[in-house]
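[1] What follows is a predicted structure for the sequence shown.
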Amino acid sequence: MIEFFINGNPVQAEDNQTVMQAAKANGYFIPYFCWHPQLSVPGNCRICMVEVEADGGGWLDIACNMPVTRGMRVLTDSEKVRARRKETLQFITLNHPVDCGICDKAGECTLQDYHFEYNGSPSISRDAKVHATKHFPLSGRITLDNERCIMCTRCVRFTREISKTNSLGVIDRGDHSLIRPVGDDSFEHDAYSDNVVDLCPVGALLSRQFLHKARVWYLLPTPSVCPGCERGCSVNIWHRKAEWKLHSLDTRQNARIDRVTPLENPAVNGPWICNKGRDLAQIFERARAEQAMQKGSPVELAAAIASARALIAAAKRPVALVSSWASNEELTAYDAALGKRFASHVKADWQAAPGEVVEDEVLIRADKNPNGAAARALFPALPADARSAFPSDCDLVLVWGEGFSFAQLPPKAKIIYLNAWLQPENGHADVFLPISVQTERSGHYTNFKGVVSAFEACFAKKPNVADAEALFAAIAPAQGERG
Ligand code: SF4
Ligand code: SF4
Ligand code: FES
């Protein structure tokens, strides 16, 4: 450890730490645009300037690229530092359009925040701003506003160092510099491309999905877990705050997912997620099953529960296919209520879709289900030949979750089906029970490395939809009920 001084206070730094890293670790704030803890250090934005005190006068230098030395004395907020930051911001905003009123980044833009904190003055330039492309289609997912870009190069370094597609670069020089994709279309196919939207310190890189959809101060992030693969990345699901709920016009906006962003978790995903994680609305906002049924005819949920219980009580050789999208709590509830009654096998609810990246060395895993590892710790996996899981005298199958073709079920067995989505199989079950989805309940998943992550409810569950965790006790027959 090395002792040095920040604003007169002794602090400890690791060997080889920069002033920025040591300051951050010790709770001192130094502003930054181009620096990012997971990327290389270009030192190009100059906003992280600090003053180094020394005998005979000090000097100003950038904290992100200055190694700590023993006994060094650093001032992070002196008069000289604030004056230099103000000059730097005046330089950065010379050509920046300051069109915050129509910018999606407004409310979470570091340029806005630093301007408010360190500058606050109108532009000092008498010359017209240099104009550049306002809506450059960087990919099908991302649009680039070159006028807002401050050339920090975070996006370029991300594609070189993290996603490794090398798909973005800088063309031209000086105030004509532009971020552009390389010519081979690789940014279009970068499975992690949307991380540059979060990385961009200003509103230059924007998600087309989210473009002008909501102001961020109307939205609330709920911590969750991406179910897109067994990595189980921590995410924030953003949705409308209760106090900003719409009472007219399109009230569906009150219960929709506006965007998904990474929730930094060093044990699972660091600060990144893949694009599939951004697209969770496409999974969770599919048409929902909200009606209990018996042989395709609508019935009250309570009646369907009673029928399911009677079928389980009467069964001689029941088999269950357990969902790998079930939470740890649901698996425990199933095991406690029905684990001994059924011969249980874990099925994969989801497989890789055509064109989807199956697996890579960054985050994406081949198993496209969030909790298969926890389910398989309790019950065996369904064999590749699914039919071999059903004994010849199997008379009841409980299917939990989507993704299993009923054509593989024993033709004479009764079927109890638990599913959240509106799908053709629902009407073919003897008893169909609609269940809640992850965004309507809280729980935990255990990822392939054994890391347990929590998710919380974003939206209220509909009253005619059951929670699987409570449902299993309700459909479990008491001892005397068994046939
Ligand atoms: S687009 Fe954003 S992240 Fe990329 S260089 Fe410009 S300001 Fe930085
Ligand atoms: S890597 Fe897997 S868990 Fe993480 S965001 Fe992508 S699909 Fe979701
Ligand atoms: S953060 Fe240090 S130069 Fe940009």
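    Happy to help now that I have it. Ligands and ions are numbered 1, 2, ... in the order given.
[2] check contacts around the spatially most central residue of the chain.
    The geometric centre of the chain, computed from its C-alpha atoms, lies nearest to residue 235 (CA atoms, centre = their mean), at 3.1 Å. By CB atoms under 8 Å, 6 or more residues apart in numbering, the contact list for residue 235 reads 223, 224, 225, 226, 260, 261, 262, 263, 273, 277, 280. C-beta: built from backbone N, CA, C; applies to glycine.
[3] Give me the three-state assignment for it.
    Following DSSP: H, G, I helix; E, B strand; the rest coil, residue 235 is assigned to strand.
[4] Ok, residue 417 next?
    With three-state DSSP as the basis, the three-state label of residue 417 is strand.
[5] Can you add secondary structure, neighbour count and pLDDT and give the contacts of residue 235 back as CSV?
    Shown next, in CSV, are these (DSSP: H, G, I helix; E, B strand; the rest coil; neighbours: other CB atoms under 10 Å; pLDDT from 0 to 100):
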residue, secondary structure, neighbour count, pLDDT
223, strand, 16, 98
224, strand, 27, 98
225, strand, 29, 98
226, coil, 30, 98
260, strand, 26, 98
261, strand, 20, 98
262, strand, 23, 98
263, coil, 21, 98
273, coil, 29, 98
277, helix, 26, 98
280, helix, 21, 98
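[6] Those: which ones sit near ligand 2?
    Among the contacts of residue 235, proximity to ligand 2 is found for 226, 273, 277 (CB under 6 Å from any ligand atom).
[7] which residues does the residue nearest to the centre of the chain bridge with?
    residue 224, residue 262 (DSSP bridges).
[8] From residue 8, how far off is it?
    41 Å (CB to CB, to the nearest Å).
[9] Could you do residue 154 as well?
    For residue 154, the distance to residue 8 equals 32 Å [CB to CB].
[10] more crowded one of those two?
    More crowded of residue 154 and residue 8, by other CB atoms under 10 Å: residue 154, with 24 against 9.
[11] got the contact list for the more buried one?
    Residue 154 sits in contact with 34, 36, 39, 196, 199, 200, 201, where contact means CB under 8 Å, 6+ apart.
[12] nearest spatial neighbour of residue 104, skipping sequence neighbours?
    Among residues not flanking residue 104 along the chain, residue 206 sits closest, at 5.3 Å (CB to CB, 6 or more residues apart in numbering).
[13] wait, doesn't that neighbour sit right on residue 143?
    Yes. Taking CB atoms under 8 Å as the contact criterion, residue 206 and residue 143 are neighbours in contact, 5.2 Å apart.
[14] Tell me the residues that contact both of the two, please.
    Here residue 206 and residue 143 have no joint contacts, going by CB under 8 Å, 6+ apart.
[15] What strand or helix carries the residue nearest to residue 59 when sequence neighbours are not counted?
    Closest residue to residue 59 apart from its sequence neighbours, by CB to CB, 6+ apart: residue 52 at 5.5 Å. Taking DSSP states H and E as the criterion, residue 52 maps to strand 49-53.
[16] Looking from ligand 3, tell me which residue of the stretch 201-350 of the chain is nearest.
    Distances between the stretch 201-350 of the chain and ligand 3 by CB to the nearest ligand atom are smallest at residue 201, namely 9.5 Å.
[17] check contacts around that residue.
    Here residue 201 is in contact with 33, 109, 110, 111, 150, 152, 154 (CB under 8 Å, 6+ apart).
[18] The residue nearest to residue 104: how many residues sit nearby?
    22.
[19] In three-state terms, label it for me.
    strand.
[20] mind listing what it touches?
    Under the criterion of CB under 8 Å, 6+ apart, the contact list for residue 206 reads 104, 105, 142, 143, 144, 145, 197.
[21] Kindly report the same for residue 191.
    Contacts of residue 191 were listed using CB under 8 Å, 6+ apart, and they are 163, 274, 275, 276, 357, 360, 362, 364.
[22] Now distance to residue 443 and neighbour count too, for those, in a markdown table please.
    Putting these into a markdown table (distance: CB to CB, whole Å; neighbours: other CB atoms under 10 Å) gives the following:
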| residue | distance to residue 443 | neighbour count |
| --- | --- | --- |
| 163 | 30 | 22 |
| 274 | 22 | 27 |
| 275 | 25 | 19 |
| 276 | 20 | 22 |
| 357 | 27 | 18 |
| 360 | 27 | 14 |
| 362 | 26 | 16 |
| 364 | 23 | 24 |
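[23] Next, give me the two most distant ones among these.
    The distance between the two most remote of those (CB to CB) is 13.7 Å, for 163 and 276.
[24] Please identify which of the contacts of residue 154 is nearest to ligand 1.
    Taking CB to the nearest ligand atom as the measure, ligand 1 lies nearest residue 200 of the contacts of residue 154, at 3.3 Å.
[25] Show me which parts of stretch 210-220 are buried, residue by residue.
    Neighbour-count burial for stretch 210-220, counted by 16 or more other CB atoms under 10 Å, picks out 210, 214, 216, 218, 219, 220.
[26] Check the model's average confidence along it for me.
    Per-residue pLDDT over stretch 210-220 has a mean of 96.
[27] got any ranges where the chain has weak pLDDT?
    Counting by pLDDT under 70, the ranges of the chain that qualify are 482-483.
[28] Spell out the residue ranges of the helices in it.
    Counting by DSSP state H, the chain forms helices over residues 19-25, 79-92, 110-114, 154-161, 195-199, 275-278, 280-284, 301-314, 328-338, 372-378, 468-475, given from the N-terminal end onward.
[29] of all those helices, which lies closest to residue 295?
    Once CB to CB is applied to the helices of the chain, the stretch that comes out nearest is helix 301-314, at 9.8 Å.
[30] Show residues contacting that closest one.
    Defining contact as CB under 8 Å, 6+ apart, one finds that helix 301-314 is touched by 292-294, 299, 318, 338, 341, 396, 398, 414, 416, 430-434, 464-466, 471, 474-477, 481-483.
[31] Narrow those to those in strands?
    293, 294, 318, 396, 398, 414, 416, 431, 432, 433, 434 (DSSP state E).
[32] Could you break this protein into its assigned domains?
    According to the domain assignment given by automatic domain parsing, the chain is divided into the following structural domains: 2-92, 100-109+124-207, 217-284, 293-481.
[33] Quick check: the residue of the stretch 151-300 of the chain nearest ligand 3.
    Residue of the stretch 151-300 of the chain nearest ligand 3, by CB to the nearest ligand atom: residue 152 (6.8 Å).
[34] ok, that residue touching residue 41?
    No. Between residue 152 and residue 41 there is no contact, the gap being 11.5 Å when judged by CB under 8 Å.
[35] Have a look at the two and say which one is more surrounded.
    Regarding residue 152 and residue 41, a neighbour count based on other CB under 10 Å identifies residue 152 as having more, with 26 against 14.
[36] one step back: just the contacts of residue 154 now: which is nearest residue 251?
    Closest approach to residue 251 among those (CB to CB): residue 200, at 32.1 Å.
[37] who's in contact with that closest one?
    If you count contacts by CB under 8 Å, 6+ apart, residue 200 has them with 105, 149, 152, 154, 155.
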